[in-house]
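Participant: A structural model of the following input is requested.
(2 chains)
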Amino acid sequence: GAVVSQHPSRVICKSGTSVKIECRSLDFQATTMFWYRQFPKKSLMLMATSNEGSKATYEQGVEKDKFLINHASLTLSTLTVTSAHPEDSSFYICSAPKAGGYTGELFFGEGSRLTVL
Amino acid sequence: AQRVTQPEKLLSVFKGAPVELKCNYSYSGSPELFWYVQYSRQRLQLLLRHISRESIKGFTADLNKGETSFHLKKPFAQEEDSAMYYCALMTTGNQFYFGTGTSLTVIP
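Facilitator: You can find the predicted model right below:
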């Protein structure tokens, strides 16, 4: 199988602080990882595509300076929510396809729930 | 711009009844369509992809380019089918966009 793990699964922080969420592919290499944000009772909104060794590609309307993405290795991508505000409270999910032989199947992390007080 | 629409947020059917979850898409390129499912307390996982033309757990989905649809169907719903279903589109740039999801409840 292919496992993607996120950490932390739940985080609470004060307004104005920064929070880092990690996404790891445990048993495969992921040159690409996708970061999604899920609003209550709504869909997964693609925020950005993280590419190993290069800059992330952000979707329209997503602030690059607010949501910093780093893909430092083939198994790790991080999302840092900078100067978090209550409106950033959400469920953040990462996913990755297996590198090489792209089948189109995404493997999802368990998600990270961010609450900004 | 690409868009995936699932018109039904909630869908309830009786066990043994047929079920159809609707999905329409909008994309200027050549899309690949998928259905993902999320069972209670589990993470999202792939159910099926149009390119494979497969039947998984009794579910099938046919890509209709004329109607830009990719509806998910099963002739006889089972209780274990109760879950959240997401239709997804993969662009030629290998980015995935999801619909708003349909929560299916199968009534025993």
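Participant: Please make it C-alpha for all contacts and neighbour counts, starting now.
Facilitator: OK.
Participant: count of neighbours near residue B:29?
Facilitator: Residues within reach of residue B:29, counting by other CA atoms under 10 Å in any protein chain shown, total 11.
Participant: Could you tell me which residues within stretch A:40-51 count as buried?
Facilitator: Of the residues in stretch A:40-51, A:43-51 count as buried by neighbour count, 16 or more other CA atoms under 10 Å in any protein chain shown.
Participant: filter those by proximity to chain B?
Facilitator: Contacts with chain B are made by A:43-46, A:49 out of the buried residues of stretch A:40-51, judged by CA under 8 Å from any CA of the partner chain.
Participant: Contact residues of chain A facing chain B?
Facilitator: Contact residues, chain A versus chain B (CA under 8 Å from any CA): A:42-46, A:49, A:104-110.
Participant: before we move on, the earlier item: mind putting the ones next to chain B among the buried residues of stretch A:40-51 in JSON lines, secondary structure and pLDDT included?
Facilitator: Output for these, formatted as JSON lines (DSSP: H, G, I helix; E, B strand; the rest coil; pLDDT from 0 to 100):
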{"residue": "A:43", "secondary structure": "coil", "pLDDT": "77"}
{"residue": "A:44", "secondary structure": "strand", "pLDDT": "85"}
{"residue": "A:45", "secondary structure": "strand", "pLDDT": "90"}
{"residue": "A:46", "secondary structure": "strand", "pLDDT": "91"}
{"residue": "A:49", "secondary structure": "strand", "pLDDT": "92"}
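Participant: near chain A, which residues of chain B?
Facilitator: B:42-46, B:90, B:94-101.
Participant: Let's see that with 10 Å instead.
Facilitator: Within chain B, the positions near chain A by CA under 10 Å from any CA of the partner chain are B:6, B:9, B:32-34, B:36, B:41-49, B:51, B:86, B:88-90, B:94-103.
Participant: all strands for chain B, in order.
Facilitator: Assigned by DSSP state E, chain B shows strands spanning B:3-5, B:10-14, B:19-21, B:24-26, B:32-38, B:45-49, B:60-61, B:72-74, B:83-90, B:96-98, B:102-107.
Participant: I'd like those strands laid out as TSV, including mean neighbour count and mean pLDDT.
Facilitator: Converted to TSV, the strands of chain B look like this (neighbours: other CA atoms under 10 Å in any protein chain shown; pLDDT from 0 to 100):
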stretch	mean neighbour count	mean pLDDT
strand B:3-5	18	93
strand B:10-14	15	96
strand B:19-21	20	97
strand B:24-26	19	96
strand B:32-38	22	94
strand B:45-49	21	92
strand B:60-61	23	94
strand B:72-74	19	97
strand B:83-90	25	94
strand B:96-98	24	91
strand B:102-107	20	96
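Participant: which among the buried residues of stretch A:40-51 gets closest to chain B?
Facilitator: Chain B lies nearest to residue A:43 out of the buried residues of stretch A:40-51, by CA to the nearest CA, at 4.0 Å.
Participant: residue contacts, the nearest residue to that closest one once chain neighbours are set aside?
Facilitator: Closest residue to residue A:43 apart from its sequence neighbours, by CA to CA, 6 or more residues apart in numbering or on different chains: residue B:100 at 4.0 Å. By CA atoms under 10 Å, 6 or more residues apart in numbering or on different chains, the contact list for residue B:100 reads A:38, A:41-45, B:4-9, B:23, B:84-88.
Participant: Before I go, just wanted to say thanks for your time.
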